[in-house]
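Engineer: Structure of the sequence below:
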Amino acid sequence: MESSFNSAVTLFFKGLTVLIDLMIYKKTGSILNNHSQRFRILEENCPEVYTILDRDFSICQESYSLKLKKTCRGY
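Structural biologist: Numbers count the residues shown, from 1 in each chain. Predicted coordinates:
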């Protein structure tokens, strides 16, 4: 069951990344190829989206190397 949390988190962030990239493309015409560019553009142009993504991005990174468990993070 734990591995399904990892897959769910990974797929959620991949989907979110696609939506954010589409939003950035529509605003700037830029096609991004890494997280650094994405975060930089979001921080400058969409600070409210940047704050949410920045807060939760560590969960996505952890899903690649750790077995995630269902816990509440205060949401």
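Engineer: hey, let's count contacts and neighbours off CA atoms from now on
Structural biologist: Will do.
Engineer: what number of residues lie near Asn6?
Structural biologist: As a burial measure, Asn6 scores 21 neighbours (other CA atoms under 10 Å).
Engineer: Tell me how far it lies from Phe13.
Structural biologist: Between Asn6 and Phe13 the distance is 11 Å, computed by CA to CA, to the nearest Å.
Engineer: Helices of this protein, start to end?
Structural biologist: In the chain, the segments counted as helices under DSSP state H are 2-28, 35-45, 47-65.
Engineer: In JSON lines, list the ones you listed along with mean pLDDT.
Structural biologist: Shown next, in JSON lines, are the helices of the chain (pLDDT from 0 to 100):
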{"stretch": "helix 2-28", "mean pLDDT": "82"}
{"stretch": "helix 35-45", "mean pLDDT": "87"}
{"stretch": "helix 47-65", "mean pLDDT": "73"}
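Engineer: So for this structure, the centremost residue is which one?
Structural biologist: Phe13 (4.4 Å; CA atoms, centre = their mean).
Engineer: quick one: that residue and Phe57, what's the gap?
Structural biologist: Distance, Phe13 to Phe57, by CA to CA: 8 Å.
Engineer: can you check Ile20 too?
Structural biologist: For Ile20, the distance to Phe57 equals 13 Å [CA to CA].
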